[in-house]
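>>> I would like the atomic coordinates for the input below:
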Amino acid sequence: MDLKSNHTSPVLTDNAPMNNTRLGIHSALMPYSPKGSGFSPTLFLTIPRKKSGILDDVWSSLFDAMKSSSPTHNKLTKESIIETTTISDSDVAYCKWMFKYPSALSSFEQISNNAKGKKIALFLDYDGTLSPIVDNPDHAYMSNSMRTAVRNVAKYFPTAIISGRSRDKVHEFVGLSELYYAGSHGMDIMGPVQPFTNGHKNCIKSTNKQGKEVNLFQPASEFLPMIDEVYRSLVEGTKDIPGAKVENNKFCVSVHYRNVDEKSWTTVGHSVHEILKEYPRLRLTHGRKVLEVRPVLNWDKGKAVEFLLESLGLMNRDDVLPIYVGDDRTDEDAFKVLREGNRGFGIIVSSVPKESNAFYSLRDPSEVLEFLKTLVIWKKKNVL
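Okay, the predicted model is just below:
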């Protein structure tokens, strides 16, 4: 089967609750996603065909989005060091922002009061949440103290890692068998064997590395040949751009430009854009100095949270409190799912103000570590 087509161009989507006009994205390019938490018989998104004259807008929107989501770091100077001794405008802005998204640490009593008599289900992003953002994505290691904290929370609460990385890669980084893992933004989930998920297409029984029977859910399995093909094309198309790195995350492909000179960002974006013109069934999203190619599928981290809750027998229960901790735009889908109907709490990890569907905030992975430790201490005190 010919996987290519030149009928259209890739769709640029933005998972964060941002104003579309701010990014310059034409409304005709936004995917349709049906409302409601139920699983649709078909997962494919309905994408309106593009009108002539809009393709240039897609490219300019892509570059604008790359810049807005990837602020550059100023070089450290004597003047900047002196400036940090006083309260800066950014500090004031962050303090104001925290009125809307209060610290999950200082608000822990409020969170724990909501958790009384309930079972907490914990969902965690990886990069920027459990590990710091680093220049080389292959070196995004979590600390031993973080690994211990995650292991400890998993003793008391059902815990899952939901990452844009491949499931195998994030499992390699975390190295804990007592967790559930969802890779490729939730398109590759390994969860418990439960009758609740037996009716789902693309859900099969498998065996993990420890020999335990698990459910393997891969709603985008038919896209694997296409993803592999695009990965090879992107590697070839960006090989002459210093610092560019292409990562195959099995059901999606990440093009990292963190180590690319800002003057060459347009070259990266244009190369990706040109290659994806041939693949109308793939869409382009962006994160922190990364462009991500994904199937045009009505599936995201929010849907992954719902699937895991259903797999665990915790869906639509009043005695369950899901908590999701994440730092990137792709995590907004999960925050939105928890905010709707007051299902649970989203916690955004950010050191700069940004609009979010989360309820609370943490500044960086070090505060995530403290939050996880605090959860365990609270649970130990409240074990019956």
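>>> so where's the stretch 151-300 of the chain shaky on pLDDT?
The model of the stretch 151-300 of the chain has pLDDT under 70 over residues 194-201, 209-210.
>>> so for whichever helix in the chain runs longest, what gets flagged as buried?
Criterion DSSP state H: the longest helix present in the chain is helix 365-382. Residues Pro365, Glu367, Val368, Leu369, Phe371, Leu372, Thr374, Leu375, Val376, Trp378, Lys379 are the ones in helix 365-382 that count as buried (16 or more other Cβ atoms under 10 Å). Glycine gets a C-beta too; all of them are placed from N, C-alpha and C.
>>> hmm, the second one is touching Phe108, no?
What it means is Glu367. No. Using Cβ atoms under 8 Å, Glu367 makes no contact with Phe108, being 11.4 Å away.
>>> secondary structure element for His171?
Element membership for His171 (DSSP states H and E) is helix 167-174.
>>> just the buried positions in the strand or helix carrying Ile275, please.
Following DSSP H and E, one finds Ile275 within helix 265-276. By neighbour count on 16+ other Cβ under 10 Å, the buried set for helix 265-276 is Trp265, Thr267, Val268, Gly269, Ser271, Val272, His273, Ile275, Leu276.
>>> and it, what does it pack against?
If you count contacts as 3 or more Cβ pairs under 8 Å, 6 or more residues apart in numbering; DSSP states H and E, helix 265-276 packs onto helix 55-68, helix 224-238, strand 282-287, strand 290-295.
>>> tell me the strands beside the third one, with direction?
Read it as strand 282-287. For strand 282-287, the paired strands and their directions (DSSP bridges) are strand 11-12 (parallel), strand 290-295 (antiparallel).
>>> who are the contact partners of the nearest residue to Gly117 once chain neighbours are set aside?
Excluding the flanking residues, the one nearest Gly117 by Cβ to Cβ, 6 or more residues apart in numbering is Asp319, at 6.5 Å. The neighbours of Asp319, taking Cβ atoms under 8 Å, 6 or more residues apart in numbering as the test, are Gly117, Lys118, Lys119.
>>> nearest residue to the second one in space, please, no chain neighbours.
Excluding its sequence neighbours, the residue lying closest to Lys118 (Cβ to Cβ, 6+ apart) is Leu321, at 4.4 Å.
>>> cool, the last one as well?
Excluding the flanking residues, the one nearest Lys119 by Cβ to Cβ, 6+ apart is Val320, at 5.1 Å.
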